[in-house]
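> When you get a sec, could you give me coordinates for this:
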Amino acid sequence: MTTSHLSVGFIGLGAMGRPMAANLSGVFTTKVQNRTTDAALSHEQEHGTLAVADLTALSDVDVVCSCLPTDAEVAEVAQQLGPRLSEGTIWIDHTSGAPGGARRVGEQLARCGVRYLDAPVSGGVAGAEAGTLTTMVGGDEAALDFARLVLETTCDRIVHVGPIGAGMAVKAVSNALLATSLWAAAEGLAALTKAGVPASVALEVFNGATSRSFATETLLPERAITREFPFTFALSLLAKDVDLAGGVLADAGFEASVLEVVRELTRAASDELGPGADHVELVRIVERAAGIELG
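You can find the predicted model right below:
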């Protein structure tokens, strides 16, 4: 089977998975499966994929892609589907999960002759729609070489970061840094607003200086300042990733003093704002404490 004739099965049509699978369908024969079958049927109608209700209908694909909430869900579907896949099948896991969970899934699939790559992505829904995501890949380089054509359809930056589990570790730390920058920028802007400096003016300064970040350049101007908070990435999932990052540091023998504070803040914000809150809405907690709005 040449890479130009690969068939792909995509499991998980959430905010990121839906546009990623749509991009794949323009290049490969793509089957889609979701916990709620209606989402798969809708994807089929909109993007020309083939909706399947049962995981076993993916048993004939060359590449499986998964994009699920946690590694626990990946382990569950791997247990069902792995033994039905042909030897040599590649499994690309875009889930943001625990490194240890990725290693266990990799071992589970290896017993079935399936090659597993943990390949979480970064770039948000806009990046998923544009096919410009960054993926950090853990696993065998030969498997990555085979899977590269599939990854290049959804990502414009593919970085091999180490063995299985390394991709999940890098993604967890990356999202913890995102949370840290959001909290720090929101607190700084709140203080400046109370001092009479408009948040938009302060951001103009930050973004022309070494203090700039994705939070100051994109998230805060487009959401906190405009007061529009589209749901693109759940605050609860960000809290989960910060927890995972703490585990990465603990496994390395480091005391995560800064990230521990960020973990407590992010978990408390998620609990307070509820499951429907987008990750950027954590700024509302800072605003309430300061008695101001940034917009």
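> Strands of the stretch 101-250 of the chain, start to end?
115-118, 121-122, 133-138, 155-162 (DSSP state E, counting those that start in this stretch).
> What sits closest to residue 27 if chain neighbours are left out?
residue 153 (5.1 Å; C-beta to C-beta, 6 or more residues apart in numbering). Bear in mind the C-beta positions are built from the backbone N, C-alpha and C, glycine included.
> Which residues are in contact with the one you found?
Contact analysis of residue 153 by C-beta atoms under 8 Å, 6 or more residues apart in numbering lists 23, 24, 26, 27, 28, 131.
> How about the helix ranked longest in the chain, which residues are buried there?
Criterion DSSP state H: the longest helix present in the chain is helix 166-194. Counting neighbours by 16 or more other C-beta atoms under 10 Å, one finds that the buried residues in helix 166-194 are 166-186, 188-190, 192-193.
> cool, stretch 59-78 as well?
59, 61-71, 73-75, 77-78.
> Next, check those against the helices and list the overlap.
Per DSSP H, the buried residues of stretch 59-78 map to helices at 71, 73, 74, 75, 77, 78.
> Verify the contact between the fourth one and residue 108 for me.
Yes: in this structure, residue 75 is within contact of residue 108 by C-beta atoms under 8 Å, at 6.9 Å.
> Let me know the pLDDT of residue 3.
The model reports residue 3 with a pLDDT of 47.
> With residue 192 instead?
pLDDT, residue 192: 98.
> go on, the one 3 residues further on?
Residue 195 is assigned a pLDDT of 97 by the prediction.
> repeat for residue 124
88.
> Quick check: the gap between it and residue 280.
11 Å (C-beta to C-beta, to the nearest Å).
> Give me the more crowded residue out of the two.
Per other C-beta atoms under 10 Å, whichever of residue 124 and residue 280 has more neighbours is residue 280, with 25 against 19.
> mind listing the helices for the stretch 151-295 of the chain?
Secondary structure of the stretch 151-295 of the chain (DSSP state H, counting those that start in this stretch): helices located at 166-194, 199-206, 214, 235-251, 257-273, 283-290.
> Which one, of the ones you listed, ends up nearest to residue 143?
Set against residue 143 and scored by C-beta to C-beta, the helices of the stretch 151-295 of the chain come closest in helix 166-194, at 12.4 Å.
> what separates the closest one from the chain centre, distance-wise?
16 Å (C-alpha atoms, centre = their mean, to the nearest Å).
> Likewise for stretch 14-22?
11 Å.
> quick check: mean pLDDT across it?
According to the model, stretch 14-22 has a mean pLDDT of 96.
> Numbering from 469 from now on, please.
Taking 469 as the first residue, the last one we looked at is stretch 482-490.
> Now tell me what touches that stretch from outside.
Contacts of stretch 482-490 (C-beta under 8 Å, 6+ apart): 478-479, 481, 498, 500, 507, 511, 514-515, 517, 533, 535, 537, 562, 589, 593, 596-597, 601, 622, 699-701.
> Alright, I will stop here.
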